[in-house]
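1. sequence and computational prediction follow.
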Protein chains: 2
Amino acid sequence: MASRAGRAPGVTIGDVATAAQVSRSTVSRAFTRPQLLSQETVKHVRAVAMRLGYVGNQAARALSTGRFGNIAVVVPDIANPFFPPLVRSLQLAAETADLAVFLGDSDESAEREAKLIARLAPQVEGFVLASPRLSEKLIRELAATRPTVLVNRDLDGIPRVLIDSSGGMTEAVLLLKKLGHQRLAYLAGPRDSWSDQQRREALTQTSAKAGLTVEIVEVGRPTYAAGRDSVSAVVRSGATAAIAFDDVVSQGVLAGLEVRGISVPTDFSLVGCDDTLAALTTPALTSVSAGAATAGTAAAKLLVNLLEAVEPSADCVTIATHLVTRATTAAAPKSTF
Amino acid sequence: MASRAGRAPGVTIGDVATAAQVSRSTVSRAFTRPQLLSQETVKHVRAVAMRLGYVGNQAARALSTGRFGNIAVVVPDIANPFFPPLVRSLQLAAETADLAVFLGDSDESAEREAKLIARLAPQVEGFVLASPRLSEKLIRELAATRPTVLVNRDLDGIPRVLIDSSGGMTEAVLLLKKLGHQRLAYLAGPRDSWSDQQRREALTQTSAKAGLTVEIVEVGRPTYAAGRDSVSAVVRSGATAAIAFDDVVSQGVLAGLEVRGISVPTDFSLVGCDDTLAALTTPALTSVSAGAATAGTAAAKLLVNLLEAVEPSADCVTIATHLVTRATTAAAPKSTF
DNA sequence: CTGAAAGCGCTAACAT
DNA sequence: ATGTTAGCGCTTTCAG
């Protein structure tokens, strides 16, 4: 009741109303719909509110309006360098729309993702799910309840931003072919990752068309260590060039190759994806660009539209990729090792 | 009123009460204070709630109790690789205490940091400020209002977790001396960064004691480009080894050195800080470990204590660092270039 | 052990 | 243009 412990200290709308000699509704309106009030009243109320240090109580507002002013972004692993720029630009864009953002890290687990979403759902207006590991069914259920935008997951009818790696992938394969490589390895990412499926497909199709052989090496969770440890399989395959699911794996491969005395790009060509680490590294990695930041902004815009607009806006934004050629690709060695 | 638009759909406590044939208070108690109820009732109510998919409405709870179940972590730049592991472990730990976490990215600006905090304050129970750029005054004001934990900022009386780089720094200097270097360069970070001040001090003191000269090169915002562009100054200084404010800068330096044909570690030794990229890179960087993840967990614990405990707990947690020697340090070249 | 009822701070119909 | 009033969904005293 009135005297409950733990209540955050704060000036209420009632205090302001009393001090300003107006009703509480007037104070409320002075902030939410000033058009309904006379200029004077608005100015007066606001001045008093300011003097008292009044800050609206979000919880109460939310309870009354059903709008929270919060959104949530959930990612499988914020420590994966692909996501920070995404989250960053998303939060910046959200700020413009005066939305605060919750961050959820699902630790690559569909189950934990579901829990996070359930926990967050009652206090957010919408979700951005980046590379969700959740089942299609669950995602659709969520999207039916709350405005939801997907990143790198292609579910028809649900607003989504897709980074289309096929452009960059195709360029990569073509470049490798031109350099004289004939046998490629692909260090594949997690099975339930849409990005991986897409990359796999673009890669195999282009290779087939170009008459190249491609060996698929499963690395599982895309980590540095996994990449490094996959090198033996790559070498065994007889490939002279490799494309990795992402730059982290690519770095691992670089390390594994070096240990074996195989030098890049002299003996072996290497291409990464996402361009997250690629430019920050010596030697600089050839990589397929990804524009995670662009995706973040796009996702935020999509969600804001979803929240504000009556009309559903564009429901799928595609971001193209291209190959960024740097130090790790060169002509195929004359012979295999 | 009842039929307001935009209200989020959801099962309320009333629905559960009706379905379970008990009062709303009972449902409430079944979740918040089950000791007060009979085992059976609790089980029954919970089962019904689960079946209906009931999730407590945080806003309403908050309104009633003054507790939000949310905390906020604000960082200067989530894209800086130091922070993701910190945020990640923090969010994991928060989850254990059933706290949801807001993420704020201040973009290295004290002003934006203040705005974020003001925006978030009315709906969080506490803050974790990681490497805050805010003035001491403002931080103290905040800490007086809301439980606040600092990371890498040393303000007496405010709970904080400090990563003490001096250990690793000292080791680095000593190693470089042992390798025969006599003139070091320090690529310094942002002035208002506590970490930088601390590193600067440890470095200059140890160097003085060890009889080494150290040239300080200001790089400003710690980025790859800034590091690369600082190389000319480093070379001019006549140093044969450099310690960089962090690994990102260190990578930049590596690139700049390479461009000039100076090879690491043959001609030049290089040490980074934070060990964020260092292990993921070829060549692997010697770096001062930082344990951002540990810091995140510690900060979360500190904050949870602050929220729950009556007694203030330990108010400062220090995390030690050490040098991780990898490929980029070696004996000093015979002569300067 | 359980129910009834008041009220958290705010907004939005409905008056005036 | 402003005041009155009825809740939003939940917790918690107070009765029983």
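-> That came in fine, so what should we check first? This is a predicted model, so every value here is computed, not measured. Numbering: from 1, shown residues only, chains lettered A, B, ... in the order given.

2. next secondary structure after whichever helix or strand A:Ala202 is part of?
-> Element membership for A:Ala202, per DSSP states H and E: helix A:194-210. Beyond helix A:194-210 in the direction of the C-terminus, DSSP H and E gives the next helix or strand as strand A:213-218.

3. show me what the helix or strand just after that following strand is packed up against.
-> For strand A:213-218, the following helix or strand on the C-terminal side (DSSP H and E) is helix A:224-229. Helices and strands touching helix A:224-229, by 3 or more CB pairs under 8 Å, 6 or more residues apart in numbering or on different chains; DSSP states H and E, are helix A:247-259. C-beta: built from backbone N, CA, C; applies to glycine.

4. and the helix it packs on, average pLDDT?
-> Helix A:247-259 shows a mean pLDDT of 95 in the predicted model.

5. what of stretch A:290-302?
-> For stretch A:290-302, the mean pLDDT works out to 95.

6. quick one: work out the angle between the helix holding A:Ala202 and strand A:213-218.
-> 160 degrees (axes from the mean of the first three to the mean of the last three CA atoms, to 10 degrees).

7. would you mark the buried spots in helix A:194-210?
-> Within helix A:194-210, the residues scored as buried using 16 or more other CB atoms under 10 Å in any protein chain shown are A:Trp194, A:Ser195, A:Asp196, A:Gln198, A:Arg199, A:Arg200, A:Ala202, A:Leu203, A:Thr204, A:Thr206, A:Ser207, A:Ala210.

8. which two in those are spaced the farthest apart?
-> A:Trp194 and A:Ala210 (24.2 Å; CB to CB).

9. so A:Glu113 touches A:Ala130, yeah?
-> No - A:Glu113 is beyond contact range of A:Ala130, at 10.6 Å (criterion: CB atoms under 8 Å).

10. what sits in contact with each of those two?
-> Shared contacts of A:Glu113 and A:Ala130, defined by CB atoms under 8 Å, 6 or more residues apart in numbering or on different chains, comprise A:Val74, A:Pro76.

11. quick one: which of those two has more around it?
-> The neighbour count for A:Glu113 versus A:Ala130, taken as other CB atoms under 10 Å in any protein chain shown, is higher for A:Ala130 (28 against 24).

12. who's in contact with that one?
-> The contact partners of A:Ala130, taken as CB under 8 Å, 6+ apart, are A:Val73, A:Val74, A:Val75, A:Pro76, A:Phe83, A:Leu86, A:Val87, A:Val151, A:Asn152, A:Ala299.

13. how about a cut-off of 7 Å?
-> Neighbouring residues of A:Ala130 by CB atoms under 7 Å, 6 or more residues apart in numbering or on different chains: A:Val73, A:Val74, A:Val75, A:Phe83, A:Leu86, A:Val151, A:Asn152.

14. please produce a markdown table containing these, extended by pLDDT and distance to A:Thr321.
-> Below are these laid out as a markdown table (pLDDT from 0 to 100; distance: CB to CB, whole Å):
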| residue | pLDDT | distance to A:Thr321 |
| --- | --- | --- |
| A:Val73 | 97 | 22 |
| A:Val74 | 97 | 23 |
| A:Val75 | 97 | 20 |
| A:Phe83 | 97 | 17 |
| A:Leu86 | 98 | 15 |
| A:Val151 | 97 | 14 |
| A:Asn152 | 96 | 12 |
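
15. by neighbour count, which of the residues you listed wins?
-> Going by other CB under 10 Å, A:Leu86 tops these with 32 neighbours.

16. that residue and B:Ala79, how far apart?
-> Noted for A:Leu86: a distance of 9 Å to B:Ala79, by CB to CB, to the nearest Å.

17. ok, how many other residues are close to the closest residue to DNA strand C within the stretch 101-250 of chain A?
-> Going by CB to the nearest atom of the strand, DNA strand C is nearest to A:Glu125 of the stretch 101-250 of chain A, at 13.7 Å. When neighbours are defined as other CB under 10 Å, A:Glu125 has 21 of them.

18. stretch A:31-44: how far from the chain's middle?
-> Distance of stretch A:31-44 from its chain centroid, counting by CA atoms, centre = their mean, to the nearest Å, is 40 Å.

19. can you name the element that comes right after the helix or strand of chain A with the lowest mean pLDDT?
-> Lowest by mean pLDDT, DSSP states H and E among the helices and strands of chain A is helix A:58-65, with a mean of 87. On the C-terminal side of helix A:58-65, the closest following helix or strand by DSSP H and E is strand A:70-75.

20. is that next one anywhere near DNA strand C?
-> No - against DNA strand C, strand A:70-75 shows no contacts by CB under 7 Å from any atom of the strand, the least distance being 14.7 Å.

21. from the contact counts, what lies against that strand?
-> In terms of contacts (3 or more CB pairs under 7 Å, 6 or more residues apart in numbering or on different chains; DSSP states H and E), strand A:70-75 is packed against helix A:83-96, strand A:100-105, helix A:110-120, strand A:126-130.

22. residues contacting the closest residue to A:Arg119 other than its chain neighbours?
-> Distance criterion CB to CB, 6 or more residues apart in numbering or on different chains; nearest residue to A:Arg119, sequence neighbours excluded, is B:Ala100 at 6.0 Å. By CB under 7 Å, 6+ apart, B:Ala100 lies in contact with A:Phe102, A:Arg119, A:Leu120, B:Gly69, B:Asn70.

23. ditto for A:Ala239
-> Applying CB under 7 Å, 6+ apart to A:Ala239 gives the contacts A:Arg183, A:Leu184, A:Ala185, A:Glu215.

24. try it again at 10 Å.
-> Counting by CB atoms under 10 Å, 6 or more residues apart in numbering or on different chains, A:Ala239 makes contact with A:181-186, A:212-215, A:217, A:233, A:268-269, A:336.

25. and A:Leu302, how far is that from A:Pro159?
-> Counting by CB to CB, the gap from A:Leu302 to A:Pro159 is 5 Å.

26. mean confidence (pLDDT) on stretch A:88-98, please.
-> 93.

27. right, is it up against chain B?
-> Yes - where contact is defined by CB under 10 Å from any CB of the partner chain, part of stretch A:88-98 touches chain B, namely A:Arg88, A:Ser89, A:Leu90, A:Gln91, A:Leu92, A:Glu95, A:Asp98.

28. how close does the first one get to A:Arg46?
-> When distance is defined by CB to CB, A:Arg88 is 33 Å away from A:Arg46.

29. what about chain A, any weak spots by pLDDT?
-> Within chain A, the stretches with pLDDT under 70 are A:1-9, A:310-313, A:335-337.

30. up against DNA strand C, what does it have?
-> By CB under 7 Å from any atom of the strand, the residues of chain A that approach DNA strand C are A:1-2, A:7, A:10, A:12-14, A:24-25, A:28-29, A:31-33, A:54, A:56-57, A:60-61, A:63-65.

31. so where does A:Ile243 fall, helix or strand?
-> Assigned by DSSP H and E, A:Ile243 belongs to strand A:241-244.

32. CA atoms only for that strand - export them in PDB, please.
-> Only the C-alpha atoms of strand A:241-244 are listed here, as PDB (Å, rounded to 0.1, in the frame of the first residue of the first chain):
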ATOM      1  CA  ALA A 241      42.000 -22.400 -51.200                       C
ATOM      2  CA  ALA A 242      39.400 -22.100 -48.500                       C
ATOM      3  CA  ILE A 243      36.400 -20.000 -47.700                       C
ATOM      4  CA  ALA A 244      35.400 -19.800 -44.100                       C
END
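
33. so what pairs up with A:Gly104 in the strands?
-> A:Val74 (DSSP bridges).

34. let me see the contact set for it.
-> Taking CB under 10 Å, 6+ apart as the contact definition, A:Gly104 lies against A:72-76, A:78, A:112-113, A:115-117, A:119-120, A:127, A:129-130, B:91, B:95, B:100-101, B:103.
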